[in-house]
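>>> Sequence first, then the predicted structure, then my questions.
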Amino acid sequence: MSTKQKETRIDRRFAALKEQGRAGLVAFVTAGDPDLATSKAILLGLPKAGADIIELGMPFSDPMADGPAIQASSLRALKAGQTMRKTLDLVRAFRETDADTPIVLMGYYNPIYVYPSEAFLDEAAAAGVDGLIVVDIPPEADDELCLPAVARGLNFIRLATPTTDDKRLTTVLKNTSGFLYYVSITGITGAGSADPQDVQLQVARLKRATTLPVAVGFGVRTPEQVRAMAEVADAVVVGSALVRAIETSLGEDGRATGITARSVLDLVGGLSAALRTS
């Protein structure tokens, strides 16, 4: 990390996890999915269910790196009227009851650019956002969003993949902070599952290049997979499984039911338990 940054909630959370001797659970849900009220209930319930860090997806109409489950969640949220302003309002509401759990906004540049960017960064920092993952801005464009985000005290989190070679990794890591997100399989979210031995080798390689915590995601759905990834990673990211839990709980009309929030939180509880038992 070339830019000096004050300690963030993300830094403090990873330090606490290290003290506890366990990997963290990073839970991804899409803001406003399947509607604002249910999304808020899920978000507010995630820490108690066992999420150590929350990734909140910023709905976008063309999420090209995401698989069908997360694409569908984005479209459900947009159909229900979710906007970037409402997403930031969700974070503000979360901060009224939780001052410690880190929230990372994840998504694409277009909704930030049209907000526009400077206003988005100011409001995100004021709302209590801790970090950003913007999957379609390469490190070569760090002046565009990354450096202005860092200047406001936000962590800018980058992705590394199985195809990120050592030379590229140096570029990726230059202004990355908070943690490095290792995408354990090539392709879109929710497709396949990673081989723990492959992940172990890759995470070891990443750790030789950075002191940042490494979170592993993509293709992690079950407590067994979470436990396997936790053997090598500092945190495990689960997303598609959670948005599928929302989808399968919806009524025939596509609306939330009485079990929607609970089904997601129960799943998080089961995944979290796998990290808290040796």
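Ah, there it is.

>>> got the contact list for stretch 253-273?
The contact list for stretch 253-273 (CB atoms under 8 Å, 6 or more residues apart in numbering) reads 25, 27, 29, 34-35, 37-38, 41-42, 45-46, 48-52, 76, 223, 226, 236, 238, 241-242, 245-246, 248-251. Where C-beta positions appear, they are placed from N, C-alpha and C, glycine not excepted.

>>> Counting neighbours, which of those end up buried?
Restricting the contacts of stretch 253-273 to buried positions leaves 25, 27, 29, 34-35, 38, 41-42, 45-46, 49-52, 76, 226, 236, 238, 241-242, 245-246, 249-250, with burial counted as 16 or more other CB atoms under 10 Å.

>>> Dihedrals phi and psi, Leu78?
Note on Leu78: backbone dihedrals following degrees, to the nearest 10 are phi -60, psi -40.

>>> ok, it to Arg208 distance?
Distance, Leu78 to Arg208, by CB to CB, to the nearest Å: 41 Å.

>>> same deal with Glu118?
Taking CB to CB, one finds Glu118 at 37 Å from Arg208.

>>> between these two, which one's more packed in?
Shown here are Glu118 and Arg208; by other CB atoms under 10 Å, Glu118 has more neighbours (12 against 9).

>>> Please identify the helix or strand for Leu75.
helix 68-79 (DSSP states H and E).

>>> pLDDT averaged over that helix, what's the number?
When pLDDT is averaged over helix 68-79, the result is 95.

>>> Could you pull out the buried residues of it?
Under the neighbour-count criterion of 16+ other CB under 10 Å, helix 68-79 has Ala69, Ile70, Gln71, Ala72, Ser73, Ser74, Leu75, Arg76, Ala77, Leu78 buried.

>>> before we move on, what about stretch 161-177?
Per 16+ other CB under 10 Å, stretch 161-177 contains these buried residues: Thr161, Thr164, Leu169, Val172, Leu173, Asn175, Thr176, Ser177.

>>> how about those residues in JSON lines, adding distance to Ile10?
Listed next are these as JSON lines, based on distance: CB to CB, whole Å:
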{"residue": "Thr161", "distance to Ile10": "21"}
{"residue": "Thr164", "distance to Ile10": "21"}
{"residue": "Leu169", "distance to Ile10": "20"}
{"residue": "Val172", "distance to Ile10": "17"}
{"residue": "Leu173", "distance to Ile10": "16"}
{"residue": "Asn175", "distance to Ile10": "15"}
{"residue": "Thr176", "distance to Ile10": "12"}
{"residue": "Ser177", "distance to Ile10": "8"}
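
>>> so where is the stretch 151-278 of the chain shaky, pLDDT-wise?
Along the stretch 151-278 of the chain, the parts satisfying pLDDT under 70 run over 186-194, 278.

>>> now the helices for it?
Taking DSSP state H, counting those that start in this stretch, the helices of the stretch 151-278 of the chain run over residues 166-173, 196-209, 223-230, 240-249, 260-276.

>>> Would you mind listing the buried residues in the last one?
Judged by neighbour count (16+ other CB under 10 Å), helix 260-276 contains these buried residues: Thr260, Ala261, Arg262, Ser263, Val264, Leu265, Leu267, Val268, Leu271, Ser272, Ala274, Leu275.

>>> list the contacts for the residue nearest the centre of the chain?
The residue lying closest to the centre of the chain (CA atoms, centre = their mean) is Glu55, at 3.0 Å. Shown in contact with Glu55 (CB under 8 Å, 6+ apart): Val26, Ala27, Phe28, Val29, Val104, Leu105, Met106, Ile133, Val237, Gly239.

>>> Just the buried residues out of those residues, in PyMOL syntax.
In PyMOL syntax, the buried subset of the contacts of Glu55 is picked out as below (16+ other CB under 10 Å):
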select buried, resi 26+27+28+29+104+105+106+133+237+239
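
>>> What are the neighbouring residues in contact with Ser184?
Ser184 touches Pro162, Ala194, Asp198, Val199, Gln202, Val216, Gly217, Phe218, Gly219, Val220, Met229, counting by CB under 8 Å, 6+ apart.

>>> Nothing else from me, thank you.
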